[in-house]
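Student: predicted structure and sequence below. I'll ask about it afterward.
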Amino acid sequence: MRAMLLERIGDPLRQVELARPSPGPGQVLIRGLACAVCRTDLHVVDGELTQPKLPLIPGHEIVGTVVELGKGVSRFKIGERVGVPWLGSTCGQCPYCDNGEENLCDLAKFTGYTLDGGYAEYTIADQRYCFPIAELYSDPEAAPLLCAGLIGYRSLVKTGNAKRLGLYGFGAAAHIVAQIAKYQQREVYAFSRTGDTEAQEFALDLGAVWAGNSNELPPARLDAAIIFAPAGELIPQALKAVGKGGIVVCGGIHMTDIPSFPYSILWEERSVCSVANLTRRDGEEFMALAPKVPVRTEVETFRMDDANEALNRLRSGQIQGAAVLVNAGASG
Ligand SMILES: [Zn+2]
Ligand SMILES: [Zn+2]
């Protein structure tokens, strides 16, 4: 099979021919149709996440067709369309797993990081961590739901019933969260890089009540903010934008260092937290909710062979919505 391989941190991915893997017990072999490109993939390729398996096939927002079943697989049938997310497996026994917090599992494995992922023609996945995909979505449209959507949803849940919601970094995750937030009758305030009027217009099109630059304060005090951009300086900025008791949720796996800030902007029970990974329950809830809203994803597609170009465009902020790699045979 053809795959895009990371052999050394910082090198471009190399297109290689590899033996098609065989599914072990409980695993499915999936013919990849589409795989979205996540900012986390950039953090892996650029070495900001330091524990990847190498060589590695990146990619953790995979949509594909089940083509072979390992021993004991009963959740899916041959020919079924499934999605594979970032959480690839957990131990099921540690205190976190026991407590419904499998996202924090001490021994978790992650697709496209510690397990081979979806920048390839075929992928192996544990059936227990895959999700069925709603008919409504084409293959490329469904792919960003699997991380941008899922992590975005988990981040949104952390904001409780916040009415006025700020979204910092209006990319793949924010464009999905904005639609759910609007459906839940919240007000979305969208923040983008200074001068990125395209992203701001995109946010307004998706129902944001206000859009501006991330160094601006919104016209009203926010109840909560979610930061999707990997820029640590946004944390004090967002704390200044939220009112008393407001929460600032960091939705990314990596951020640059947070500059020091006066205690007064945290005072009055404001809080900052991060969101790590996902649980299968998040996935079930979100995949059921998305077609009800209905969440529509804006995608820019690239051929699988052009993964490096897609990564470069994402790095330089030139993607509107989500970048998605497609294999021949994917539905438009
Ligand atoms: Zn565990
Ligand atoms: Zn991701």
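Tutor: Yep, it's here. Ligands and ions are numbered 1, 2, ... in the order given.

Student: so residue 202 touches residue 319, yeah?
Tutor: No: between residue 202 and residue 319 there is no contact, the gap being 11.0 Å when judged by C-beta atoms under 8 Å. For every residue, glycine as well, the C-beta is placed using N, CA and C.

Student: higher neighbour count, those two?
Tutor: Legend: neighbour count by other C-beta atoms under 10 Å for residue 202 and residue 319, higher for residue 202 (22 against 19).

Student: nearest residue to that one other than its sequence neighbours?
Tutor: residue 320 (5.9 Å; C-beta to C-beta, 6 or more residues apart in numbering).

Student: pretty sure that neighbour sits in a helix.
Tutor: No: Residue 320: not assigned to a helix; according to DSSP: H, G, I helix; E, B strand; the rest coil it is coil.

Student: distance check, it against residue 281.
Tutor: To residue 281, residue 320 is 31 Å away according to C-beta to C-beta, to the nearest Å.

Student: how many residues are close by the nearest residue to residue 298 once chain neighbours are set aside?
Tutor: Distance criterion C-beta to C-beta, 6+ apart; nearest residue to residue 298, sequence neighbours excluded, is residue 321 at 3.0 Å. Counted with other C-beta under 10 Å, the neighbours of residue 321 add up to 23.

Student: before we move on, what about residue 99?
Tutor: Neighbour tally, residue 99, other C-beta under 10 Å: 9.

Student: what pairs with the longest strand along the chain, and is each one parallel or antiparallel?
Tutor: Ranked by residue count under DSSP state E, the longest strand found in the chain is strand 27-37. Its sheet considered, strand 27-37 pairs with strand 62-69 (antiparallel), strand 122-126 (antiparallel), strand 322-326 (antiparallel) by DSSP bridges.

Student: quick one: is the helix or strand encompassing residue 41 near ligand 2?
Tutor: Using DSSP states H and E, residue 41 sits within helix 39-45. Yes: remark: helix 39-45 sits within contact range of ligand 2 at residue 40, by C-beta under 5 Å from the ion.

Student: pull the distance from that helix to the chain's centre.
Tutor: In terms of C-alpha atoms, centre = their mean, to the nearest Å, the centre of helix 39-45 is found 11 Å from the chain centre.

Student: in terms of neighbours, single out the busier of residue 320 and residue 281.
Tutor: Ranked by neighbour count (other C-beta under 10 Å), residue 320 and residue 281 place residue 320 first, with 17 against 12.

Student: can you pull the contacts of that one?
Tutor: Residues near residue 320 by C-beta atoms under 8 Å, 6 or more residues apart in numbering: 198, 199, 202, 298, 300.

Student: mind redoing it with 7 Å?
Tutor: By C-beta atoms under 7 Å, 6 or more residues apart in numbering, the residues touching residue 320 are 198, 202, 298, 300.

Student: ok, now how distant is the first one from residue 117?
Tutor: Pointing back at residue 198 there. 29 Å.

Student: higher neighbour count, those two?
Tutor: A direct count of neighbours by other C-beta under 10 Å for residue 198 and residue 117 places residue 117 higher, at 30 against 13.

Student: assumed the more buried one was part of a strand.
Tutor: No: counting by three-state DSSP, residue 117 is not found in a strand; it is coil.

Student: quick one: it from residue 200, how far?
Tutor: 32 Å.

Student: also residue 168?
Tutor: According to C-beta to C-beta, residue 168 stands 12 Å off from residue 200.

Student: same thing with residue 115?
Tutor: Counting by C-beta to C-beta, the gap from residue 115 to residue 200 is 37 Å.

Student: get me the contact residues on the protein for ligand 2.
Tutor: Residues of the chain that fall close to ligand 2, judged by C-beta under 5 Å from the ion: 38, 40, 147.

Student: who touches the first one in this structure?
Tutor: Right, residue 38. 60, 61, 147, 148.

Student: right, and residue 28 touches residue 69 too?
Tutor: Yes: Residue 28 lies in contact with residue 69 (C-beta atoms under 7 Å); the separation is 5.9 Å.

Student: and the two? Which one has more around it.
Tutor: Per other C-beta under 10 Å, whichever of residue 28 and residue 69 has more neighbours is residue 28, with 26 against 18.

Student: look at that one and report its pLDDT.
Tutor: Predicted confidence (pLDDT) at residue 28: the value is 98.
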